[in-house]
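Peer 1: Quick one, structure for this:
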Amino acid sequence: MEFDKERKHQLLFVDSNVNEYQNLTETTNSDTEVVILKGDRDGIEQIAETLKQRTNIAAVHILSHGAAASVQIGATELNLSNIETYRDRLEEWFALPAEANSNSQITAKPEILLYGCNVAATEAGVAFVQRLSQLTGAEVAASDNLTGNAALGGDWELEISTGKIETALAFSAEAREAYSGVLVATFAELLTKINEANADPNPDTIAITANITLAATDVLPKISSPITFTGGGFILNLNAKRGFVVDGGTVSLSNLTITGGLAQGFAGTGGGGGAAGMGGALFINSGTVTVNSVTFNGNRATGGAGAAATPAAPAAGGSADFGTILGGTPGSNITTVGGTGAAGTAAVPNAGNGGVGINNTFGPGVPGGQGGPGGAGGNTAIAGGTGGTGGLGGFGASGVI
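Peer 2: Sure thing, here's the model as predicted:
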């Protein structure tokens, strides 16, 4: 078999969870072969199998979701912690047949371009890029910030590389500029992108590229503009915080797990009842929401606490003969102060229960039922006001919509 001395061909591997990837891949040049990775298979192995059937590969482009020191390739999250597990497969990517090695015909290094948010961010991200280069024998370039639409804070520059990169970006300038999405991997990025999208009446796409857990002080902003959220199969853990509240616009959620949501109603005051808690994971006040392949798990809503009543004023003592009827503790004469009325007791609210998936795994989730009423209260002199009605439960506890 004759081997060309020059690497010429390029391959673009695409994670199918990347939103609108077709708008990018259709602009690649004729020398670039596009391969769509199967989301349910090991992506490292898929790439190795494909490259084994090709020769003279100059560059491999990978369009996927990313995070610091991590890239999602098919069903595989390749990161700095597990990269040694895939060492044998990665070393196969650009391995040459024995006869080619013996003749030393191909000497130029291949190149890998990673299109994913924040892959090279942090020291760990740089170390990941360097180790990938060492195992594959390729020069590697990756981004240390958001990748995607400039209006949403992204760009297409691969700021970090292990050497000189000769390969041009796989997508045309027009396609990169027109791409409406951005890939986010942290709560801070998600918060920023929702706020920016709310300020823009045009439709926006936000791709979640890593598991995100809200911290104690984190709160998602209300949504008032058209936004498409693509989850990439990742988990949004609300950590006992309110979930998405849609106040307008057309909103789409897909391929995402939302868990740990809690909508707490406001507490009452002055013996009044508490407010209902509404929508642990998703509350639609107005607008239109489309949900596709989204799992709602462990979300709930609970009513606010009923307030304790103001204690009754002391009752004046009556005469020795009538003190037990008109006053509290009998007074020795008409001017003696009687006993004190009982302070109110705070009512206890009941929580709304989350719904349960129809068959626990594959059935669609169903809305939770209306929460029970809050704890009962008596009159203002003795007990607190009635607690708020429990809010609607979250969507199916283990259902998928």
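Peer 1: Okay, strands next: where are they in the stretch 201-350 of the chain?
Peer 2: Applying DSSP state E, counting those that start in this stretch to the stretch 201-350 of the chain gives strands spanning 204-208, 212-213, 227-241, 244-246, 250-264, 282-284, 288-297, 300-302.
Peer 1: got these as TSV, with mean neighbour count and mean pLDDT columns?
Peer 2: C-beta coordinates here come from the backbone N, C-alpha and C atoms, glycine included. Shown next, in TSV, are these (neighbours: other C-beta atoms under 10 Å; pLDDT from 0 to 100):
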stretch	mean neighbour count	mean pLDDT
strand 204-208	24	82
strand 212-213	18	91
strand 227-241	21	85
strand 244-246	21	90
strand 250-264	21	84
strand 282-284	20	83
strand 288-297	18	85
strand 300-302	27	63
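Peer 1: among those, which is nearest Asn198?
Peer 2: strand 227-241 (8.2 Å; C-beta to C-beta).
Peer 1: Each with direction, which strands does that closest one pair with?
Peer 2: Strands that pair with strand 227-241, judged by DSSP bridges, come out as strand 204-208 (parallel), strand 212-213 (parallel), strand 250-264 (parallel).
Peer 1: any idea how far Ile208 is from Gly261?
Peer 2: The spacing between Ile208 and Gly261, counted by C-beta to C-beta, to the nearest Å, is 16 Å.
Peer 1: Let's have the strands paired with strand 227-241 in CSV, adding distance to Leu11.
Peer 2: Listed next are the strands paired with strand 227-241 as CSV, based on distance: least, C-beta to C-beta, whole Å:
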stretch, distance to Leu11
strand 204-208, 23
strand 212-213, 31
strand 250-264, 25
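Peer 1: circling back: closest to Gly137 out of the strands of the stretch 201-350 of the chain?
Peer 2: The closest of the strands of the stretch 201-350 of the chain to Gly137 is strand 227-241. By C-beta to C-beta, the value is 29.2 Å.
Peer 1: ok so Ala168 is a helix residue?
Peer 2: No: counting by DSSP: H, G, I helix; E, B strand; the rest coil, Ala168 is not found in a helix; it is coil.
Peer 1: how close does it sit to Arg176?
Peer 2: In this view, Ala168 and Arg176 are 12 Å apart by C-beta to C-beta.
Peer 1: Look at those two and report which has more neighbours.
Peer 2: Neighbours were counted for Ala168 and for Arg176 using other C-beta atoms under 10 Å; Arg176 has more, 21 against 10.
Peer 1: I'd guessed the more buried one sits against Trp156; true?
Peer 2: Yes: here Arg176 reaches Trp156: they are 4.8 Å apart, a contact under C-beta atoms under 8 Å.
Peer 1: got any residues that touch both of the two?
Peer 2: In terms of C-beta atoms under 8 Å, 6 or more residues apart in numbering, Arg176 and Trp156 are both contacted by the residues Leu169.
Peer 1: related to what we said a few turns ago, mind putting the strands of the stretch 201-350 of the chain into CSV with distance to Ala58?
Peer 2: Shown next, in CSV, are these (distance: least, C-beta to C-beta, whole Å):
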stretch, distance to Ala58
strand 204-208, 28
strand 212-213, 36
strand 227-241, 29
strand 244-246, 44
strand 250-264, 33
strand 282-284, 47
strand 288-297, 37
strand 300-302, 54
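Peer 1: quick one, which of these is nearest to Glu77?
Peer 2: strand 227-241 (9.8 Å).
Peer 1: Pull the CA coordinates from the closest one and hand them back as CSV.
Peer 2: What follows is strand 227-241, C-alpha atoms only, in CSV (Å, rounded to 0.1, in the frame of the first residue of the first chain):
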residue,chain,number,x,y,z
ILE,A,227,-35.5,31.3,25.0
THR,A,228,-34.7,27.7,23.9
PHE,A,229,-32.8,25.8,26.6
THR,A,230,-31.0,22.6,25.4
GLY,A,231,-29.8,20.5,28.3
GLY,A,232,-27.4,18.1,26.7
GLY,A,233,-28.6,15.4,29.0
PHE,A,234,-27.2,17.3,32.0
ILE,A,235,-28.7,17.9,35.5
LEU,A,236,-29.9,21.3,36.9
ASN,A,237,-30.0,20.8,40.7
LEU,A,238,-32.1,23.7,42.1
ASN,A,239,-30.9,22.8,45.7
ALA,A,240,-34.2,23.7,47.4
LYS,A,241,-34.6,26.9,45.3
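Peer 1: Many thanks, we can stop here.
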